[in-house]
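Asker: Below are the sequence and a predicted model; questions follow.
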Amino acid sequence: MRFGIVGCGVIGALHARLIAAMDGTAELVAVADTDLERAPRLAAEHGVDAHDDLAELYARQDVDAVVVCVPSGLHAEAAVPALRAGKHVVIEKPIDITLEAADRIIAAERESGRTVTVISQRRFEPSFLRLKAAIEAGELGRLTSGAAEVTLWRPQSYYDSGGWRGTWALDGGGALMNQGVHVVDLMLALLGPAVEVSAYAGLLAHEGIEVEDTAVAAVRFAGGALGRLFATTAAHGGASVRVSVHGDRGHAVVENEVLVSFKVGEEDRTEPGQRLGAQAHHRQLADFVSAVAEGRAPEVTSADGRAALALVLAVYESARSGGPVKPG
């Protein structure tokens, strides 16, 4: 599969490296960015063409798929024309920042017959795959509760580094929308659809931004399980991502990609593990390439991306209104 990348910042550069490492199954042929310095620089690193006009990239017959790495609030603006031009699309998380935009992407995907995936690479970590398999096999029994936490620190310079960071218009939210959306997706994948949310959010440690740096929510899932969702970029020294699921026959806890506790009945299945880092990202791209070749849905679909976005937006609405909210 021959790729083009839209958005040549840090994430775009990461995708360029990942595609270059895919050993014959994928090839990077062009990049595009309205920044007249970034696109040529990334293109030169990989020996590919640079464009400052997305339409030029989409018109290329040697581009099969596009990776969208622009600010979150511009995802639909980049993805929909790509789909209409006949390209398959990989979208960095989140799918976009409004349900209207997500629905435009999904409609364009359906009308074009092309494939969309939204990056949620943590689904491809071995610890998650083991936990998901155990749940699907009924080994944890009836699921009763779960928790997902992203405890991070982002200095003020992080938000000052780009004019779009920390804005409702382009970032769409703060700690939950940007950093926490990964664990939101994991909770939904493990516990099923969310039906109601009650939440609080605050801007507690940063200045000059519009969005939250801390959010906490109680979530009720369709199957009856209850969950807790927590995301912050205001925990100095923090560097932890933790997901736990509990049932009436077992439990599992994943911390920083490692399955630190896994028990089914009286059996302890915990095993030493190691972090995958970019390998999980690579595995998701490989799944996307295979899905297109095989004519199947990718592991993470546009509908999955929309569900995660709907839960994030419900958290924000509950925090604003002070009452429970049903995700859209």
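Answerer: Ah, there it is. The shown structure was predicted, so the numbers you read here are calculated from the model rather than taken from an experiment.

Asker: Do a quick rundown of the strands in the stretch 151-300 of the chain.
Answerer: Taking DSSP state E, counting those that start in this stretch, the strands of the stretch 151-300 of the chain run over residues 194-202, 214-221, 226-232, 234-247, 250-255, 258-264, 267-268.

Asker: Just checking: what are the partner strands of the longest one?
Answerer: To tie it back to what came earlier, the one meant is strand 234-247. Paired neighbours of strand 234-247 in the sheet (DSSP bridges): strand 143-153 (antiparallel), strand 250-255 (antiparallel).

Asker: Pull the longest one out as PDB, backbone CA atoms only.
Answerer: Presented in PDB, the C-alpha positions along strand 143-153 are these (Å, rounded to 0.1, in the frame of the first residue of the first chain):
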ATOM      1  CA  LEU A 143     -18.200  -7.700  34.500                       C
ATOM      2  CA  THR A 144     -19.000  -5.400  37.400                       C
ATOM      3  CA  SER A 145     -16.600  -2.500  37.300                       C
ATOM      4  CA  GLY A 146     -13.600  -0.900  35.600                       C
ATOM      5  CA  ALA A 147     -11.300   2.100  35.800                       C
ATOM      6  CA  ALA A 148      -9.100   3.900  33.400                       C
ATOM      7  CA  GLU A 149      -6.500   6.500  34.400                       C
ATOM      8  CA  VAL A 150      -4.100   8.700  32.500                       C
ATOM      9  CA  THR A 151      -1.900  10.500  35.000                       C
ATOM     10  CA  LEU A 152       0.500  12.800  33.200                       C
ATOM     11  CA  TRP A 153       2.400  16.100  33.500                       C
END
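
Asker: Let me see the contact set for Ser198.
Answerer: 217-218, 318, 323-325 (Cβ atoms under 8 Å, 6 or more residues apart in numbering). Quick note: C-beta positions are derived from backbone N, CA and C, even for glycine.

Asker: What of Glu56?
Answerer: The contact partners of Glu56, by Cβ under 8 Å, 6+ apart, come to Ala32.

Asker: 6 Å instead?
Answerer: By Cβ atoms under 6 Å, 6 or more residues apart in numbering, the contact set of Glu56 is empty.

Asker: how many neighbours does the residue lying closest to Ser302 once chain neighbours are set aside have?
Answerer: The shortest distance from Ser302 to any non-neighbouring residue, by Cβ to Cβ, 6 or more residues apart in numbering, is to Val116 (4.3 Å). For Val116, the neighbour count with other Cβ atoms under 10 Å is 28.

Asker: How about the one 5 residues further on?
Answerer: Neighbours of Gln121 under the rule other Cβ under 10 Å: 21.

Asker: Show me where the stretch 1-150 of the chain has its strands.
Answerer: 2-6, 27-32, 49-51, 65-68, 88-91, 116-118, 143-153.

Asker: For Arg283, find the nearest of those.
Answerer: strand 116-118 (11.9 Å; Cβ to Cβ).

Asker: What is the end-to-end distance of stretch 239-255?
Answerer: This stretch, stretch 239-255, spans 10 Å end to end (Cα to Cα, to the nearest Å).

Asker: Return the set of buried residues in it.
Answerer: 241-247, 250-255 (16 or more other Cβ atoms under 10 Å).

Asker: Any chance of a markdown table for those residues, columns pLDDT and distance to Ala82?
Answerer: Output for these, formatted as a markdown table (pLDDT from 0 to 100; distance: Cβ to Cβ, whole Å):
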| residue | pLDDT | distance to Ala82 |
| --- | --- | --- |
| Val241 | 94 | 30 |
| Arg242 | 95 | 35 |
| Val243 | 96 | 32 |
| Ser244 | 97 | 38 |
| Val245 | 98 | 36 |
| His246 | 98 | 41 |
| Gly247 | 98 | 41 |
| Gly250 | 98 | 43 |
| His251 | 97 | 42 |
| Ala252 | 96 | 38 |
| Val253 | 96 | 39 |
| Val254 | 94 | 34 |
| Glu255 | 93 | 37 |
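
Asker: now, which of those sits nearest Ala314?
Answerer: Val243 (19.2 Å).

Asker: any idea how far the closest one is from Glu257?
Answerer: 10 Å (Cβ to Cβ, to the nearest Å).

Asker: OK, contacts around Phe124?
Answerer: 280, 283-284.

Asker: which residue sits closest to it, ignoring its sequence neighbours?
Answerer: With Cβ to Cβ, 6+ apart as the measure, Arg283 is the residue that lies nearest to Phe124, at 3.9 Å, once sequence neighbours are left out.

Asker: Count residues in the vicinity of that neighbour, would you?
Answerer: With other Cβ under 10 Å as criterion, Arg283 counts 19.

Asker: per-residue pLDDT, it?
Answerer: The model reports Arg283 with a pLDDT of 95.

Asker: before we move on, the earlier item: dump the buried residues of stretch 239-255 into JSON lines; add distance to Arg269 as well.
Answerer: Compiled in JSON lines, the buried residues of stretch 239-255 are given as follows (distance: Cβ to Cβ, whole Å):
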{"residue": "Val241", "distance to Arg269": "21"}
{"residue": "Arg242", "distance to Arg269": "18"}
{"residue": "Val243", "distance to Arg269": "16"}
{"residue": "Ser244", "distance to Arg269": "15"}
{"residue": "Val245", "distance to Arg269": "14"}
{"residue": "His246", "distance to Arg269": "15"}
{"residue": "Gly247", "distance to Arg269": "14"}
{"residue": "Gly250", "distance to Arg269": "9"}
{"residue": "His251", "distance to Arg269": "11"}
{"residue": "Ala252", "distance to Arg269": "9"}
{"residue": "Val253", "distance to Arg269": "12"}
{"residue": "Val254", "distance to Arg269": "13"}
{"residue": "Glu255", "distance to Arg269": "16"}
